[in-house]
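Engineer: For reference, the sequence and a predicted model appear below.
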Amino acid sequence: MNITYQIQFHTDWHCGSGLSAGADLDAVVVKDEHELPFVPGKTIKGLVREAVEDINQFSEKKIEEADFNKAFGFFDGKEQKERGEMFFTNAELPKFEQEAIKKGKLQEYLYRDLARTALDDNGIAKEHSLRKIEVTVPCKLEGQILNAPDEIVEIIEQALKYIKRIGVNRNRGLGRCTITITKKEGGEK
């Protein structure tokens, strides 16, 4: 089954590219070739996988390990032993918004810089502790989960609703979101 979902960010968020912007920024967000933000599919997959594990731990109706491994893949701690059937697309701005932003060259308005510093016991900034990261303003993204096995679609839906934050500094207020399913196609009728 294919599941289409939306992520509505309620706060600024940061999915890192692993890069910095020299002396200006310590971390920049991941962007596509048009300088538009997205959440990588592998990030969504990891969050869904963790949520499914959490839900399964407390659920009366357990997912069989074989079904879990079939969907997400299996690692032995060192390397991938079995590839999962599901594919997670990147979560991106809706196509019409992408086109409007590109046409108007408005990409710069999707981002802002956030500065933070560490404080000592007296409330004074510690030396050399200033950090600046680029964040994306709240927006709505769309993504898909392709080839979700029918046996676990219900728990995948629960897992998507379970995810409340995405990206770095989630415990400091960034990345608060709501995920909703907008369409399901295929699977058993």
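Structural biologist: Yep, it's here. Numbers count the residues shown, from 1 in each chain.
Engineer: ok, the spatially closest residue to residue 167 that is not a sequence neighbour to residue 55 distance?
Structural biologist: Nearest residue to residue 167, sequence neighbours excluded (Cβ to Cβ, 6 or more residues apart in numbering): residue 175, at 3.9 Å. Quick note: C-beta positions are derived from backbone N, CA and C, even for glycine. When distance is defined by Cβ to Cβ, to the nearest Å, residue 175 is 20 Å away from residue 55.
Engineer: For these two, indicate the residue with more neighbours.
Structural biologist: Between residue 175 and residue 55, residue 175 has the larger neighbour count (other Cβ atoms under 10 Å), namely 26 against 17.
Engineer: Check the burial of the residue lying closest to residue 75 once chain neighbours are set aside by counting its neighbours.
Structural biologist: In space, and not counting its chain neighbours, residue 75 is closest to residue 81: 6.5 Å by Cβ to Cβ, 6+ apart. Using other Cβ under 10 Å, residue 81 is surrounded by 11 other residues.
Engineer: please renumber so the chain begins at 866
Structural biologist: Okay, using 866 as the starting number, the last item reads as residue 946.
Engineer: which is the next helix or strand following the helix or strand containing residue 946?
Structural biologist: Using DSSP states H and E, residue 946 maps to strand 945-948. Going down the chain from strand 945-948, the next helix or strand is strand 952-953, by DSSP H and E.
Engineer: Okay, now the sheet partners of that next one, with direction.
Structural biologist: strand 1005-1011 (antiparallel) (DSSP bridges).
Engineer: who does the helix or strand following the strand it pairs with touch, helix- and strand-wise?
Structural biologist: Next in sequence after strand 1005-1011, counting helices and strands by DSSP H and E, comes helix 1018-1027. Packing partners of helix 1018-1027 (3 or more Cβ pairs under 8 Å, 6 or more residues apart in numbering; DSSP states H and E): strand 867-874, helix 906-923, strand 1042-1050.
Engineer: Lowest-scoring secondary structure element of the protein by mean pLDDT?
Structural biologist: The weakest-scoring helix or strand in the chain, judged by mean pLDDT, DSSP states H and E, is strand 945-948 (a mean of 72).
Engineer: what's in contact with that strand?
Structural biologist: 934, 935, 938, 939, 940 (Cβ atoms under 8 Å, 6 or more residues apart in numbering).
Engineer: Can I get those in TSV including secondary structure?
Structural biologist: TSV is the format used below for these (DSSP: H, G, I helix; E, B strand; the rest coil):
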residue	secondary structure
934	helix
935	helix
938	strand
939	strand
940	strand
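Engineer: Buried only: go through those for me.
Structural biologist: Neighbour counting by 16 or more other Cβ atoms under 10 Å classes 934, 935, 938 among the contacts of strand 945-948 as buried.
Engineer: need those residues in a markdown table with pLDDT and distance to residue 1051, can you?
Structural biologist: What follows is the buried ones among the contacts of strand 945-948, written out as a markdown table (pLDDT from 0 to 100; distance: Cβ to Cβ, whole Å):
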| residue | pLDDT | distance to residue 1051 |
| --- | --- | --- |
| 934 | 87 | 21 |
| 935 | 87 | 16 |
| 938 | 86 | 20 |
